[in-house]
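[1] Got a predicted structure here, sequence first:
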Amino acid sequence: MEINAVLTLQHQEDSFAGKLYLFPPFLCFVSLDRKSVRFTIPLSTIRRVERLNSRAGVFALSLVLWHGMKMIVQLTSMRSTAEAFCDRLRDGLKVQLQLGQMKQVKPFAKTLYSETLCGDSLPAEKSKDGETSPLVDVGATAAAAKMGVEDADDGGEYHRGLGSEFKFPGDAKKLREASKIKLWTAYLRAHGRHLTLARYPQCTRLIQVGLPNRLRGEMWETLSGSLYLRFANPDVYQSILKEHDGKTSMSTEEIEKDLNRSLPEYAAYQSEKGISSLRRVLTAYSWKNPELGYCQAMNILTAAILIYMSEEQAFWLLEVLCDRLLPGYYSPSMHGTLLDQRVFEALVQRCLPLIHEHFTSVDVQLSVASLPWFLSLFINSMPLIFAFRVIDCFFAMGPKVLFQVGIIIAILKINGEKLLEIQDDGAFIHLMRDYFASLGDSAHPNSSDPRVKNITNFQELLLVAFREFSVITDETIISERKRFRAGVTSTLESFSKRAAIRNLKFTGRFSKDQCGAIYDLLFKAIWEEPPRGTGVTGSVDSTGRPETRISMNTFKQFLCYVASWARNELVVSNGFQQRIQRDVVDHALINRLFYSWDYSSKGALSLQDIVMGLEGVMFNDLMSNIEWFFKLHDKDKDGSLSKDEVLQLSESLLFIFRNEPGDAYLGAVSRFMTNAFEYGDSLLEKGDDATGDPEEAPTNQPYLTLPTFRMVVLADEILESFFDSDLSASFRFDEPAAPLPDEPTGLLGGLMSTILTKENKNLFNRVADEIGKTIGKHQVDQRPAIGKLGKELALQEPKPRETLLTPRQRSASSGAAPSASSPEPSTLSSQSLPNVSQLSLSERTPVPPVTPLIPTTIVMERQTFAIDAAKDDDEEEDSMYAIGGDDDVMDEVDAFLEAHDSGLTDAQKAEAQGEARIRSFGAASDIFLV
């Protein structure tokens, strides 16, 4: 919640108007110009809130903080808004009290040097003349600093860096440490400290002058915000180290390689104590953020931080640097650094066109020198005492400081003439080194004025950077980053794509272009539906390289792009536009596919898993596809399907065919189920005892083997066509061929695509659909996934089923007791076969005309005889009264053939045997499979 307010500190005359924000557990204030005053205070540091008795119409609060400082906040909004704000503030304070956070403030404050510097926190005491005086003598504190405060050990409990033992860089007298301590002590006592620090204009000026060595670490974590993370997460750093003690990873191996190359000139990193501290901080962060792990240049930055901060302080500051202040700088691709290099070059071109044109003409790359500046925050380029001054400003004013200081160095107004004489990269780097080495020298050595003569090159550098290049603001940096982000991302993606494809161990029959298409669709799905769950982040391949894995939710989005049956495609027309709407669907078949492709059993799929999975289905022939689909539903991998698995397989087929027009595919699945259960029951009867009942067989008993499943599928020409070509063809890497483009067409559609965002397009589509419904022009057509049946074929009645049982099997079946699991040949009992309409078959809608299907024949194609075409009424009568009549006739024919077999020639016998096989196609599965 936010509210307009005016802030006044106790004993301060200046008041600042701005906005007060309540983000439990924090209370924040920002002045209207967003520069002058700001603070972020945890609610747990507030000890008292009082409403002041003021004149009518004025609503003012007095906030007393834990160390006695008082803030007066005048709420200038409507009274009802002010009352609501106070209610929420009261509720937030109660929550902090219940959580026990208020008790944690004082112990936490003891870890900070400012408490030792400012002493016990009471407001003030009155002297004899009535004026207030501080309890701690600021002059005495400054005197202690003058005696060498950075070298003294006061025995305090505050966190300190390696500099307290191995000396801080620079000479304390030359750096005027005593004066800085005196100024900062006075400021902290008047404006709060650490958790309650209020940043006034005086704070920025003191930071530009330079922070005292002992206070620098605390101010860095206060200005950056890492102080609040450390306060909210006590003992997290130690627990990470304890949990991963003795463990190794690819990041820890890289860290060991760089430890001895981290500021080797500093004494602490020539000892085991400094090396061990650096190792622990980098290792802990790599375990906390395994996706990023460790990147080169992090060792330099962390080594510099540890000079002024404890290990825990450095750990949380590193978290803020990598995640918020310098995002992408220390990632494996370093995309943040590359983006800021493009921004830096653009700003140089804008501010110094002559230098930019000269560098372009002689092919000198700015990034050759500037890339290390940004990565190490000038630590590797400047002397440490000056680099730390730049970092002070960086934490106080944000990343724009890197560009302001970088530009004045790059263009070197001071050395502009020398830059115009440079002819190659080597000369540019050499000039930069010479300039950095002279930063401590006088900028005007020949001046007669001692004050001017004492101005160093570094002081002049900061002066010109903040005055002449103040036009470079945070808004400028954000705008330039947006302008170049797409190009940098495209370049990095192209590189990552080539590397990912090159690292694939198995590509099968896929070409490089096809692998690239899979990669593009995979990361498109990741963009639309980011993966979640375990096994997704921090994954590495067999060689230890980081790899991207997707969870189930992202896989469904990916399969929506690849498989036509894994999405719902709606052609929407509303009188204004026509568009294709694609929606992700969910079904058990997709889940089966996900776990089938999880070859490493990690619960998440990598690019290699997806390539192997797609290769196993897209290049299959008829028999391979049938086997692939069978194994996909064989859950226990025993080589056979149970009754439940047959039903699940049938549901999968119905799911794939759910959007096909007419009843042809529905009839094909119905015939498949009838034949499967009929044939499966007949096989169970053979294995049962004389008194056994196949109906009582358990549902998980092996019921349908692969040869039998293959035979049942090939008995139906629609299923045969599907497994022969349609299944493999349903996986495509390009957008499905369609008469309508994915983007809206027409005048309004073109206008939308250019000026509207995705969210606004969806809103416009919904409004247009409602208008279309009102005027009666709204129409939604469902696109089929297969789309091979023409309109005429789709409207035809499904073909009647022909039994696959031989006459002998039918005789045995008719003699057995009828059961729900062994249906009659012409009809299927409702007890043995569930209602097909209930098996996930969604409602079908009309579709535009598509290319008709060219019917295919069954594998065992038999000759057409005239007698088959005759339609005799007696056949229907026979079938009504005697089911077993045909069996008696076939027995007589068999007896006749056996009696007269000796009178046939060899050719006639071969021909007769061939026709006999055709008639007994269903029963002779062993001959068929051979």
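    Right, received. Where do you want to start?
[2] Show the end-to-end separation of stretch 568-583, please.
    5 Å (C-alpha to C-alpha, to the nearest Å).
[3] what distance separates that stretch from the middle of the whole chain?
    Here stretch 568-583 shows a centroid-to-chain-centroid distance of 29 Å under the convention C-alpha atoms, centre = their mean, to the nearest Å.
[4] Report the buried residues of it.
    568-580 (16 or more other C-beta atoms under 10 Å). For the C-beta atoms, the positions are set from N, CA and C on the backbone; glycine is no exception.
[5] export the residues you listed to TSV and tack on pLDDT and secondary structure?
    Below are the buried residues of stretch 568-583 laid out as TSV (pLDDT from 0 to 100; DSSP: H, G, I helix; E, B strand; the rest coil):
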residue	pLDDT	secondary structure
N568	88	strand
E569	83	strand
L570	80	strand
V571	80	strand
V572	79	strand
S573	78	strand
N574	73	coil
G575	72	coil
F576	73	coil
Q577	74	coil
Q578	75	strand
R579	76	strand
I580	78	strand
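[6] Can you add distance to Y187 and give those residues back as TSV?
    Shown next, in TSV, are the buried residues of stretch 568-583 (distance: C-beta to C-beta, whole Å):
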residue	distance to Y187
N568	64
E569	66
L570	65
V571	69
V572	64
S573	69
N574	65
G575	69
F576	64
Q577	63
Q578	67
R579	62
I580	64
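[7] Domain map for this protein?
    Domain ranges of the chain: 1-126+139-147+169-209, 216-326, 335-486, 621-730+785-834, per automatic domain parsing.
[8] In CSV: those, plus distance to I610, mean neighbour count and mean pLDDT.
    Formatted as CSV, those follow (distance: least, C-beta to C-beta, whole Å; neighbours: other C-beta atoms under 10 Å; pLDDT from 0 to 100):
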stretch, distance to I610, mean neighbour count, mean pLDDT
domain 1-126+139-147+169-209, 42, 17, 84
domain 216-326, 20, 19, 93
domain 335-486, 24, 17, 85
domain 621-730+785-834, 16, 18, 73
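[9] Of those domains, which is nearest L605?
    L605 lies closest to domain 621-730+785-834 among the domains of the chain, at 15.6 Å (C-beta to C-beta).
[10] which SS class is the nearest residue to Y308 once chain neighbours are set aside?
    Using C-beta to C-beta, 6 or more residues apart in numbering and skipping residues adjacent in sequence, the residue nearest Y308 is G217, 3.7 Å away. Here G217 is recorded as helix under DSSP: H, G, I helix; E, B strand; the rest coil.
[11] change the start of the numbering to 163 and stick with it
    With 163 as the first residue, the last one maps to G379.
[12] I figured G379 hits M471, correct?
    Yes - assessed by C-beta atoms under 8 Å, G379 is found in contact with M471 at 3.8 Å.
[13] which neighbours do the two share?
    Common neighbours of G379 and M471 (criterion: C-beta atoms under 8 Å, 6 or more residues apart in numbering): 321, 323.
[14] per-residue pLDDT, the residue nearest to the spatial centre of the chain?
    Of all residues in the chain, the one closest to the mean position by C-alpha atoms, centre = their mean is P692, 4.2 Å from it. As predicted, P692 sits at a pLDDT of 84.
[15] Confirm for me that it is in contact with S713.
    No - with contact defined as C-beta under 8 Å, P692 does not count as touching S713 (9.1 Å).
[16] any chance you could map the strands in the stretch 263-412 of the chain?
    Secondary structure of the stretch 263-412 of the chain (DSSP state E, counting those that start in this stretch): strands at 287-288, 294-295, 360-361.
[17] Now do the residue nearest to the centre of the chain against I712, distance only.
    9 Å (C-beta to C-beta, to the nearest Å).
[18] wait, isn't F393 in contact with F270?
    Yes - contact criterion C-beta under 8 Å: F393 and F270 qualify, at 5.5 Å.
[19] Locate the closest residue to N422 other than its chain neighbours within the secondary structure: which element?
    Spatial nearest neighbour of N422, excluding adjacent residues (C-beta to C-beta, 6+ apart): I437 at 7.3 Å. I437 belongs to helix 434-450 when elements are defined using DSSP states H and E.
[20] All good on my end, thank you.
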